[in-house]
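> no FASTA, just this:
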Ligand code: ADP
């Protein structure tokens, strides 16, 4: 050390520097490990639909008497697995796009956003026998990217419809949370087991893998929501009571206009 770096300062400072360096290396190692795990999980997820396509082609190919109907089934399988691969690659791309710092934010009217998401998912909700409602406690405005926030709320409502089941009600609530503007997506479905809650926002984590697959899920939806919201300076969370449903929430900084004006009286909707 003495030959390479001409260090003249006190020894304590050197130890402090060594400690900082050590913890930086530790964080880097942990980050490499997460990255490695992500690549491994991603390849596994990509291989599954590819294997399904391949097996189906081989089975049909080997049957010299395969009927037109069997070929049609093969095409249908290839189509659905290709759609799955497309969703997966879009989600993977979103997660690896590291331009969080460059997210353009503007004032987003949350009640209007809630109405848009509800209108968009109404057909799915009707198909599943789920009621969608909007509950505007205070008409808050958030500072966010309108497109990214739309995508996040859409994702939460889509999950709530898919996982809560027939006869349930999904509520999109907008509220003022002091310094933050808050959106909640509440369902009264089966809820999430307590042991699963700490992992629910992890990449590729699913409570019921088979169910998620049947729903066309990639296991990346909530991880994307968390990363996008955090990139916009916000936070996400969930509380869930097995048997009585789940509430996912997003909190974002308020836009200047809504931060300046006192919260008006609540209105329904
Ligand atoms: P995906 O839906 O593609 O599997 P997500 O990251 O969106 O992935 O969700 C992860 C898992 O969290 C889901 O597979 C499901 O098990 C669980 N989950 C998400 N939302 C709900 C909900 N509203 N109610 C119950 N379980 C949920």
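Looks like it arrived, so ask away. None of these values were measured; they are calculated from a predicted model.
> distance from stretch 196-206 to the middle of the chain?
Taking Cα atoms, centre = their mean, to the nearest Å, the mean C-alpha location of stretch 196-206 is offset from the chain mean by 10 Å.
> ends of that stretch, what's the gap?
8 Å (Cα to Cα, to the nearest Å).
> just use 695 as the starting number from now, easier for me
With 695 as the first residue, the last one maps to stretch 890-900.
> is it up against the ligand anywhere?
Yes. With Cβ under 6 Å from any ligand atom as the criterion, the ligand is reached by stretch 890-900 at 894, 899, 900. C-beta coordinates here come from the backbone N, C-alpha and C atoms, glycine included.
> neighbours around the second one, how many?
Going back to what we said before, that points to residue 899. Residues near residue 899, counting by other Cβ atoms under 10 Å, number 17.
> next: residue 814.
Using other Cβ under 10 Å, residue 814 has 13 neighbouring residues.
> so what's the residue nearest the centre of the chain up against?
In the chain, the residue lying closest to the centroid (Cα atoms, centre = their mean) is residue 916, at 2.3 Å. Residue 916 makes contact with 849, 853, 894, 895, 899, according to Cβ atoms under 8 Å, 6 or more residues apart in numbering.
> once you drop chain neighbours, what's closest to the fourth one?
Counting by Cβ to Cβ, 6 or more residues apart in numbering, the nearest residue to residue 895 once its immediate chain neighbours are dropped is residue 920, at 4.4 Å.
> one more: residue 859?
That would be residue 883: by Cβ to Cβ, 6+ apart, it lies 5.4 Å from residue 859.
> does the one you found sit in a helix, a strand or a coil?
Classification of residue 883 by DSSP: H, G, I helix; E, B strand; the rest coil places it in coil.
> list the contacts of it.
Contacts of residue 883 by Cβ under 8 Å, 6+ apart are 854, 857, 858, 859, 862, 939, 940.
> quick one: which of those sit in helices?
Members of the contacts of residue 883 lying in helices (criterion: DSSP state H): 854, 857, 858.
> residues from the protein in reach of the ligand?
853-854, 857-858, 881, 883, 886, 894, 899-902, 906, 911-917, 940.
> again, 5 Å this time
Counting by Cβ under 5 Å from any ligand atom, the residues of the chain lying close to the ligand are 853-854, 857, 886, 900-901, 906, 911-913, 915-916, 940.
> export those residues to a markdown table and tack on pLDDT?
Below are those laid out as a markdown table (pLDDT from 0 to 100):
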| residue | pLDDT |
| --- | --- |
| 853 | 97 |
| 854 | 97 |
| 857 | 95 |
| 886 | 96 |
| 900 | 94 |
| 901 | 93 |
| 906 | 90 |
| 911 | 90 |
| 912 | 92 |
| 913 | 94 |
| 915 | 95 |
| 916 | 97 |
| 940 | 97 |
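> neighbour-wise, give me the winner out of these.
Using other Cβ under 10 Å as the neighbour criterion, residue 854 leads these with 27 neighbours.
> so which elements touch the lowest-mean-pLDDT helix or strand in the chain?
Ranked by mean pLDDT, DSSP states H and E, the weakest helix or strand in the chain is helix 950-954, scoring a mean of 73. If you count contacts as 3 or more Cβ pairs under 8 Å, 6 or more residues apart in numbering; DSSP states H and E, helix 950-954 packs onto strand 800-803, strand 835-838.
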